[in-house]
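Participant: output the structure for:
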Amino acid sequence: MKVSRGMIGLLAGLFAVAVLSGCTDWKKKYEALDVAYQNTKGQLERERAEKGQMAMQLSELQKQLAEGQKTGKDLGFPGEVSVNAAEGTITVTLEDTILFDSGKADLKKATSSELDQIVSTLKGKQDYAGKNIDIVGYTDTDPIHKSTWKDNWELSSERSLTVLRYMVSHGIAAERIRSIGCGETRAVVPNTSGANKSKNRRVEVVVHMR
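Facilitator: I've put the predicted structure just below:
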């Protein structure tokens, strides 16, 4: 079948339109991808800058705490407070006697002023908004004899859960917080005396700043 010149011209025109339309679509797609790339790049650069600034702030805070220029009270926390700039954490340490009776995992009182203060600080300061939190329980090396706990792992885990539940019930978002039991491991001092054992029996509230 013969194709007329007019038909050939029409087909050529339609092909040109299709090609040009395709080019236009690809150009739009490229421009959209480039915008998305630039936005992502800018966001990453901002996050990198913020992390660098946070690292410097934590390093300075760690130095001030070590030199006694600042205390946990200055930061709004009770108990002993320490900063690990390398890991990006602020840790609040509460002795077990503040919260629990010997061998128990229930809080001594229905309301804990120490935990209330921690919750108030975490909720009230913008620096801690959205930060993840670990509740870590520890014991000494004394074996479990006079309680129903299977071992020190179980006791430390139940204590950390008790603190977690208290904080969640007082407004800390559940998705931000987790419970960890370490038993008698990771002692801060050797378990060679009663005084040392009391230091190892503790609950830590660890705030991850980055």
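
Participant: residues contacting the one residue sitting closest to the centre of the chain?
Facilitator: In the chain, the C-alpha nearest the mean C-alpha coordinate belongs to residue 132, at 2.1 Å (Cα atoms, centre = their mean). Residue 132 makes contact with 176-178, 207-208, according to Cβ atoms under 8 Å, 6 or more residues apart in numbering. Glycine gets a C-beta too; all of them are placed from N, C-alpha and C.

Participant: among those, which one sits closest to residue 145?
Facilitator: Ranked by distance to residue 145 (Cβ to Cβ), these are led by residue 178 at 29.8 Å.

Participant: can you tell me the SS state at that closest one?
Facilitator: Assigned state for residue 178: strand (three-state reduction, DSSP: H, G, I helix; E, B strand; the rest coil).

Participant: and the helices in the protein?
Facilitator: 5-66, 96-99, 113-124, 152-169, 194-200 (DSSP state H).

Participant: now do the fourth one and helix 113-124, the angle between them.
Facilitator: Translated: helix 152-169. Orientation note: helix 152-169 sits at an angle of 50 degrees relative to helix 113-124 (axes from the mean of the first three to the mean of the last three Cα atoms, to 10 degrees).

Participant: ok, back up a step: of the contacts of residue 132 - the most surrounded one?
Facilitator: residue 207 (21 neighbours; other Cβ atoms under 10 Å).

Participant: that one contacts residue 89, correct?
Facilitator: Yes: Residue 207 lies in contact with residue 89 (Cβ atoms under 8 Å); the separation is 6.5 Å.

Participant: sorry, back to before: just give me the lowest mean pLDDT stretch among the helices of the chain.
Facilitator: Here the helices of the chain differ in mean pLDDT, and the lowest is helix 5-66 at a mean of 69.

Participant: need the contact list for residue 140.
Facilitator: The neighbours of residue 140, taking Cβ under 8 Å, 6+ apart as the test, are 152, 184, 187, 191, 197-198, 200-201.

Participant: can you pull the contacts of residue 80?
Facilitator: Residues in contact with residue 80 (Cβ under 8 Å, 6+ apart) are 72, 92-93.

Participant: state the distance from it to residue 89.
Facilitator: Between residue 80 and residue 89 the distance is 14 Å, computed by Cβ to Cβ, to the nearest Å.

Participant: which of the contacts of residue 132 sit farthest apart?
Facilitator: Considering Cβ to Cβ, no two members of the contacts of residue 132 lie farther apart than 178 and 207, which are separated by 12.3 Å.

Participant: and for these two, which residues touch both?
Facilitator: Taking Cβ under 8 Å, 6+ apart as the contact definition, residue 178 and residue 207 share the neighbouring residues 132-133.

Participant: domain parsing for this structure?
Facilitator: 1-70, 71-208 (automatic domain parsing).

Participant: please identify the most buried of those domains.
Facilitator: Here the criterion is mean neighbour count by mean count of other Cβ atoms under 10 Å, and of the domains of the chain the winner is domain 71-208, at a mean of 17.

Participant: how long is it end to end?
Facilitator: Domain 71-208 has an end-to-end distance of 19 Å (Cα to Cα, to the nearest Å).

Participant: how about stretch 72-84?
Facilitator: The separation between the terminal residues of stretch 72-84, taken as Cα to Cα, is 14 Å.
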